[in-house]
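Novice: I need the structure of the sequence given here:
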Amino acid sequence: MAFLFHRLLPEKRHLIKNKLFPQAISYLEKTFQVQKPTGTVLLSRQCVTNQYLRKKDDPHRYCRGACAEHTRCGPVIVPEEHLQQCRVCRDNGGLCGPVGEADQEGIRDTDFVLYVSALTTERCGQENIIAYAAYCQLEADMDRPIAGYANLCPNMISTQAQEFVGMLSTVKHEIIHALGFSAGLFAFYRDSDGNPLTARYASGLPPFNESLGVYQWSNKVVRKAVRLWDVRGNKILHHNIFLLITPKVIEEARKHFDCPILEGMELENQGGMGTELNHWEKRLLENEAMTGSHTQNRVFSRITLALMEDTGWYKANYSMAEKLDWGRGKGCDFVMKSCKFWIDHRRKKKELVAPYCDTLRSNPLQLTCRQDHRAVAVCNLQKFSQQLPQEYQYFDSLYGVPQEDLPYYGGSVEIADYCPFSQEFSWHLSGEFQRSSDCRILENQPDPFKNYGAEKYGPNSVCLIQKSAFVMEQCRRKLSYPDWGSGCYQVSCSPRGLTVWVKDMAYLCSHSGQILMVNIQMNGWVHIGNLICPACSDFCDFCPPEQEPPPIANLTRVASIDLCSCSPSLVVTLWLLMANLLPLLAGFLLCAWS
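Specialist: You can find the predicted model right below:
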C-alpha cells in the first residue's frame, strides 16, 4: 500500500494507516487467494493522448505519440519506481518500441498494489460519499487488476469508536470494487479454465460500450430479464433488471433464497453512475456489504465471495463468509416479485410482513428490532413530497392515510426500490453523532438518567420487543420515554434455555412470546416494564422444549420496591435516631448557657 494525505488530522491519519486498512487487508488476504500470482508489479505509463495500442503476443501497452509526464492511479501520482519503461508507437503504429529510462524495480512479492488517499475531491462533494475506489491497471495474461486506489473523503472519516465497524466495512467494500466487483471489469471475467467469458478483438480487448463508458460484457456474465411486477390498484407492470449469471453466483443465490429457478443475482438498477450495475440489488440483499448504500450491519456473504471466484482470478475461502439473514429461505416469490406481492400475501395469511414493514414513521417513534435482533430499529416507511413512479407504488391501504395520498408513500431508501424495511438509526445532538442503535456496541449505552428501559448495550446484548413503555418511578414522580417499542438487553444461553438479564436480575424465557414483568432498582429509580421473549433458537445453539413457565416464576420479581422516605420502616428508624440524639442536644445547650 502507498498512502497520500494532505492536511489530515493526526487521529484520522492514525486510524487509516494503523487500523482501517491493515484490518481490511488482513480480512481480504484470508478470504481471496490469487489463482496466478504476479510476483512483481510493474505498471504501464499513461499516455499524453490517452490513446493506447496493443501488439499481438506482446504483453506491453504502447502509447500513441508520447507517455505522460506523470502516471496517476485515481488522485494519486504513481511513484517512478513502480513504473515500466515508456513504450510508444509512431507512424500509425508502424514503428513501436521503448524510449527513455529502463524498467524500474517495481513492487516485489505483490499481487495487487493499492494507492490510498484522503483528499477532498470533487466527488467527495456529492451527498453522503464516504469513500470511493476503482482499479487502475490490469495484468496482461489474465486481465486481473494489479493496481487500484481508494480515496476516503476527509470530512466523512469518523474516529468515534461506535462508527469503526461501519468505516471498516466501507474500506473492505471499496477494495473489493478495485479487485473485481465492478461493471468496468465484467467483460474481463474468465471461466474456471482461464478462458475469457466475453469474446475479444485481435487487440485482446472486448468491444467498448460508449454509452456506458465500459467494455461490453457478454450474456455469459450479465443479461437482462423482465419481472412481472405487482403495484397498487391490482396492476402488473414489466420491471426490467440485470442479472449476474456466472455459475458460482447462481449456485449461491439459489441456495440463499431457496429458489431453484432463480436465473442469477440481481444487480442494482438505481443510484446513477457508480452505484447502478456496480452493486447487488438493495431490495433483495439489504445489508449485504456489496449493496449500494450502508444502512446497517454490513456482512460479506457467500454470494459476494462467489462473484469474486467467478472472475476467474481468485479462489474464495468460504469460511470467511458472514451470515446474511436478509432474504434467507424466503423463496422465489420474495426474490422474483415486488415487495407489494410479498407484503399483501403475508397480510392475507395474517403473518408478519418481515423483512419488510408497513408501519409509518411517526413522532414519537414506534421502535422495533432489526431483522437479526441485533439493533433497535424503526420502519422507514414515509411520505414523499412527490408521487413515486408507478413502478414503486406498493400500497392499496395504509392505516390513517387517505386513498389519494397513497402514491406518495414508500420506503426511504430509493435503491431498495422504495420497499420499506426496519432500519437501525443514530442519535444526533446539534448535528453531531452521539450513538447508534446497534445493541452490540458498548459505547452506545445511554446516559444512566436517560435509560428509561433499563437497557444494556454490549457484545452479548440483543434487541427485545417491549410490550409497553417502561416507567421510571421515584416516590410520587413518574417518568416515561415517548419513543418505545424495543430496547437492548443482555442475554445468555444455558441448558435451561435463553435468559434475559436486566441489571442483575435474571429472567428465564420458557417459550417464545412469554411476557417478562420487569421491576428493578437502578440509580435511585424503580424501572417497571414488560419484555417479550424471543425464540431461544434465535440466539442459542441448544434450546430445551418450550413450556409454560412455573406460576411463581415472575412473582418474586414484581414485588414493589419503595425508595421513598415515607416508608414505615424508615420513619421508625428516624424517630429512634432522634430519640438518641435528644440527650446529647440537651447537654450541649446546658454547657453553652453555663
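
Novice: ok, which stretches of the stretch 101-250 of the chain are helices?
Specialist: 164-179, 247-257 (DSSP state H, counting those that start in this stretch).

Novice: Nearest to Leu95 among those helices would be which one?
Specialist: Comparing the helices of the stretch 101-250 of the chain against Leu95 with Cβ to Cβ, the closest turns out to be helix 164-179 (35.0 Å). Glycine gets a C-beta too; all of them are placed from N, C-alpha and C.

Novice: Give me the helices and strands touching the closest one, please.
Specialist: helix 21-31, strand 131-138, strand 145-152, helix 302-310 (3 or more Cβ pairs under 8 Å, 6 or more residues apart in numbering; DSSP states H and E).

Novice: Out of these, which gets nearest to Asn219?
Specialist: helix 302-310 (14.6 Å).

Novice: What is the subsequent helix or strand relative to that closest one?
Specialist: strand 314-316 (DSSP states H and E).

Novice: rewinding a little: redo the helices and strands packed on helix 164-179 as TSV? Include mean pLDDT.
Specialist: Shown next, in TSV, are those (pLDDT from 0 to 100):
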stretch	mean pLDDT
helix 21-31	97
strand 131-138	95
strand 145-152	96
helix 302-310	99
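
Novice: Nearest to Glu455, out of these?
Specialist: helix 21-31 (28.7 Å).

Novice: now for the closest one, which elements pack on it?
Specialist: strand 113-118, helix 164-179.

Novice: Now render those as JSON lines, adding distance to Gly97 and mean neighbour count.
Specialist: Shown next, in JSON lines, are the helices and strands packed on helix 21-31 (distance: least, Cβ to Cβ, whole Å; neighbours: other Cβ atoms under 10 Å):
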{"stretch": "strand 113-118", "distance to Gly97": "26", "mean neighbour count": "24"}
{"stretch": "helix 164-179", "distance to Gly97": "31", "mean neighbour count": "21"}
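
Novice: Ser44 is nearest to which of these?
Specialist: strand 113-118 (13.0 Å).

Novice: got the angle for the closest one vs strand 131-138?
Specialist: 150 degrees (axes from the mean of the first three to the mean of the last three Cα atoms, to 10 degrees).

Novice: what does strand 113-118 rub up against?
Specialist: The set of residues external to strand 113-118 that reach it, using Cβ atoms under 8 Å, 6 or more residues apart in numbering, is 1-6, 8, 12-13, 16, 21, 25, 41, 43, 73-76, 78, 82, 107, 136, 146-154, 157, 175, 178.

Novice: hmm, back to that, would you list the helices and strands packed on helix 164-179 in a markdown table and tack on distance to Glu288?
Specialist: Listed next are those as a markdown table, based on distance: least, Cβ to Cβ, whole Å:
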| stretch | distance to Glu288 |
| --- | --- |
| helix 21-31 | 15 |
| strand 131-138 | 18 |
| strand 145-152 | 20 |
| helix 302-310 | 7 |
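
Novice: Tell me which of these approaches Asn278 most closely.
Specialist: Comparing the helices and strands packed on helix 164-179 by Cβ to Cβ, strand 131-138 comes nearest, at 9.8 Å.

Novice: Give the pairing partners of that closest one; include direction for each.
Specialist: strand 145-152 (antiparallel) (DSSP bridges).

Novice: For the partner strand, list the C-alpha coordinates in CSV.
Specialist: Taking C-alpha atoms only, strand 145-152 is exported to CSV below (Å, rounded to 0.1, in the frame of the first residue of the first chain):
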residue,chain,number,x,y,z
PRO,A,145,-6.5,-5.9,-11.7
ILE,A,146,-3.0,-5.4,-10.3
ALA,A,147,-3.3,-1.8,-9.2
GLY,A,148,-6.1,0.3,-7.8
TYR,A,149,-6.9,3.2,-5.5
ALA,A,150,-9.2,4.1,-2.6
ASN,A,151,-9.9,7.7,-1.6
LEU,A,152,-11.5,8.5,1.7
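
Novice: buried stuff in that strand?
Specialist: Buried residues in strand 145-152, counted by 16 or more other Cβ atoms under 10 Å: Pro145, Ile146, Ala147, Gly148, Tyr149, Ala150, Asn151, Leu152.

Novice: Name all residues that make contact with the fourth one.
Specialist: Gly148 is in contact with 73-74, 112-115, 133-136, 175, 178-179, counting by Cβ under 8 Å, 6+ apart.

Novice: now the third one
Specialist: Counting by Cβ under 8 Å, 6+ apart, Ala147 makes contact with Val41, Leu43, Cys73, Val78, Phe112, Val113, Leu114, Tyr115, Tyr135, Cys136, Gln137.

Novice: Is it possible to get JSON lines of those that adds distance to Leu531?
Specialist: Shown next, in JSON lines, are those (distance: Cβ to Cβ, whole Å):
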{"residue": "Val41", "distance to Leu531": "56"}
{"residue": "Leu43", "distance to Leu531": "59"}
{"residue": "Cys73", "distance to Leu531": "53"}
{"residue": "Val78", "distance to Leu531": "58"}
{"residue": "Phe112", "distance to Leu531": "49"}
{"residue": "Val113", "distance to Leu531": "52"}
{"residue": "Leu114", "distance to Leu531": "47"}
{"residue": "Tyr115", "distance to Leu531": "51"}
{"residue": "Tyr135", "distance to Leu531": "50"}
{"residue": "Cys136", "distance to Leu531": "53"}
{"residue": "Gln137", "distance to Leu531": "56"}
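
Novice: Which of those residues are buried, as a PyMOL select command?
Specialist: For the buried members of the contacts of Ala147, the matching PyMOL selection, counting by 16+ other Cβ under 10 Å, is:
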select buried, resi 41+43+73+78+112+113+114+115+135+136+137
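
Novice: Closest to Gly411 out of the contacts of Ala147?
Specialist: Of the contacts of Ala147, the one sitting nearest to Gly411 (Cβ to Cβ) turns out to be Tyr135, at 32.6 Å.

Novice: List the beta-bridge partners for the closest one.
Specialist: Bridge pairing for Tyr135 - DSSP bridges - gives Gly148.

Novice: That one and Ala68, how far apart?
Specialist: Distance from Tyr135 to Ala68, counting by Cβ to Cβ, to the nearest Å: 19 Å.

Novice: Could you give the number of residues near Asn18?
Specialist: 10 (other Cβ atoms under 10 Å).

Novice: Now do the contacts for it.
Specialist: Contacts of Asn18 (Cβ under 8 Å, 6+ apart): none.

Novice: so it, which of the three states?
Specialist: helix (DSSP: H, G, I helix; E, B strand; the rest coil).

Novice: any idea of the pLDDT on it?
Specialist: Note for Asn18: predicted pLDDT of 95.

Novice: domains in this structure, as residue ranges please.
Specialist: 2-179, 222-320, 338-428, 445-557 (automatic domain parsing).

Novice: okay, those domains in JSON lines with distance to Asn195 next?
Specialist: Listed next are the domains of the chain as JSON lines, based on distance: least, Cβ to Cβ, whole Å:
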{"stretch": "domain 2-179", "distance to Asn195": "10"}
{"stretch": "domain 222-320", "distance to Asn195": "8"}
{"stretch": "domain 338-428", "distance to Asn195": "34"}
{"stretch": "domain 445-557", "distance to Asn195": "44"}
